[in-house]
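**Q** got a structure for you, letters missing:
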């Protein structure tokens, strides 16, 4: 196999999905690819860069997803489009073990563009339904916090149930929508 950024990211994502973020080490990735750990550093500078690359893939999957589940609001809600975006993001995070934790770790790295990418997209959608720029930006940040906080909590609960049951049940793909997103969108779109 030709070692590349893509092959490293794919191997790391497989480890992430099987064992979680804590066990996704550069040494384990190298072992999976049957190369010396030093060989990875020709392509990926460090674990933080690897985390960022995986986070980009997860967010790209949310952007490209054709979300077909039930968003947090009804189809006639003025913010149904952003509700679908929040649901697609949540679904992408849940599709990988520790997905929310990993993307949050990437967003907090210096010079990361991931957080502004999400906030700007949410802000644009909220401005598109008539909110002023300041309210839309604050609402976008609140939605980001809600989606990531709720998803992190949900992933931890799913993994704890898996550990306690011992049956190896999947920790991804929960079907329910996030009621916090609905509350925020109802508040943001409420008019006198």
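**A** Yep, that arrived. Computed from a predicted structure; not experimentally measured.
**Q** how much space between the residue most central in space within the chain and residue 183?
**A** Nearest to the geometric centre of the chain sits residue 93, at 3.5 Å (Cα atoms, centre = their mean). Separation of residue 93 from residue 183 (Cβ to Cβ, to the nearest Å): 19 Å. No exception for glycine: its C-beta is placed from N, CA and C like everyone else's.
**Q** cool, and residue 154?
**A** Using Cβ to Cβ, residue 154 is found at 16 Å from residue 183.
**Q** Looking at those two, which one has more neighbours?
**A** Higher neighbour count among residue 154 and residue 183: residue 154, with 18 against 13, using other Cβ atoms under 10 Å.
**Q** What is the neighbour count of the nearest residue to residue 127 once chain neighbours are set aside?
**A** Closest residue to residue 127 apart from its sequence neighbours, by Cβ to Cβ, 6 or more residues apart in numbering: residue 136 at 4.6 Å. Look at residue 136: counted by other Cβ under 10 Å, it has 22 neighbours.
**Q** Look up how far residue 110 lies from residue 136.
**A** Using Cβ to Cβ, which is the criterion applied here, residue 136 is 26 Å from residue 110.
**Q** was I right about the residue nearest to residue 127 contacting residue 120?
**A** No. Here residue 136 does not reach residue 120: they are 10.2 Å apart, not a contact under Cβ atoms under 8 Å.
**Q** The residue nearest to the centre of the chain and residue 60, how far apart?
**A** Per Cβ to Cβ, residue 93 is found 13 Å from residue 60.
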